[in-house]
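Participant: What follows is a predicted structure for the sequence shown.
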Amino acid sequence: MFITIIAAVIVIGAIAFIIVKFLPLKMRPLVSILLLVVAGFLTWKIYDGIMKPINFHKTKQEKFAKVIYNLKMIRDAEVFHKEVTGEYSSDINSLVQFIDTAQLALTNTTTVVEQVNKGTRYQKIMVDVERRVTDTIGYEPVLSKFTGRDYKNMAKVPGTNKVFTVELGIVEKIQGLKVKVFLAKTPKIDVLTGMDASLVKQELEANTTDEIKGEFVSVGSLSEVSTGGNWPPFYDKNDRAEKDDK
């Protein structure tokens, strides 16, 4: 962009110099009109060059926000599915059915004090030991966690004819402790179809903290124990605002 501006200034300056130095007076009005046309064209090109990445950035954020909204629903459904069944699911349609039918246990945890013998069977030394006890006090429909959310269409990638892919895996958190994990994702290029190719290419190579890194928009991980997304905090500001209002 900087090079374009310099080139435009040089061209206009050169034409103006030619008008003053070499052209007859009778030809100057015609050349002046041509100069105005060229200046107008260059001005438009400069403006377009400045606004194109700005508009691209705004549009891509709007597109990604809709994608992330669905990924958050998939993430929540996976977390509840794991809580109830002990497993994640690779089938989003089964997650929809799970939301419609499953129940979450409501629990209450209390601390009780018990006397435990720290001595022997012949010479007892009774010591008070605290123990946490969790009791189920009722059940709540999983559906209540998705009130007002279009979970039935959460498998669809907004703005495309694609669906999210979900992969399952196992991560060894510490030696001997294996944890089940999931990853839901969609390629950025599918979401940005039809937009400026050079700017899309830059987006696919994004690696800064204020951008969605890499070629996918995703939630979860197959390499670490995480249910977080790969998007920056900007996309979660509405979630925080909703929590503050409650």
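Facilitator: That came in fine, so what should we check first? No experiment lies behind these values; they were computed from the predicted model shown. Residues are numbered from 1 along each chain as shown.
Participant: for the longest helix along the chain, packing partners?
Facilitator: Using DSSP state H, we find that the single longest helix of the chain is helix 28-85. Where contact means 3 or more Cβ pairs under 8 Å, 6 or more residues apart in numbering; DSSP states H and E, helix 28-85 is packed against helix 2-21, helix 92-101, strand 103-117, strand 177-187, helix 188-191, helix 197-204, strand 216-220. Where you see a C-beta, it was placed from the backbone N, CA and C, and this is true even at glycine.
Participant: That one to strand 216-220, inter-axis angle?
Facilitator: Using axes from the mean of the first three to the mean of the last three Cα atoms, to 10 degrees, the direction of helix 28-85 lies 20 degrees away from that of strand 216-220.
Participant: For this protein, give me the ranges with low pLDDT.
Facilitator: Residues of the chain meeting the criterion pLDDT under 70: 1-32, 35, 48, 240-246.
Participant: and it, what are its domains?
Facilitator: 2-51, 63-101+144-245 (automatic domain parsing).
Participant: Now render the ones you listed as CSV, adding mean neighbour count.
Facilitator: Below are the domains of the chain laid out as CSV (neighbours: other Cβ atoms under 10 Å):
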stretch, mean neighbour count
domain 2-51, 12
domain 63-101+144-245, 16
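Participant: Now render those as JSON lines, adding distance to T120.
Facilitator: Listed next are the domains of the chain as JSON lines, based on distance: least, Cβ to Cβ, whole Å:
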{"stretch": "domain 2-51", "distance to T120": "84"}
{"stretch": "domain 63-101+144-245", "distance to T120": "33"}
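Participant: Looking at these, which is nearest to V133?
Facilitator: Across these, V133 has its closest neighbour in domain 63-101+144-245 (19.2 Å, Cβ to Cβ).
Participant: and that closest one, how far from the chain's centre?
Facilitator: Computed by Cα atoms, centre = their mean, to the nearest Å, the chain-centroid distance of domain 63-101+144-245 equals 7 Å.
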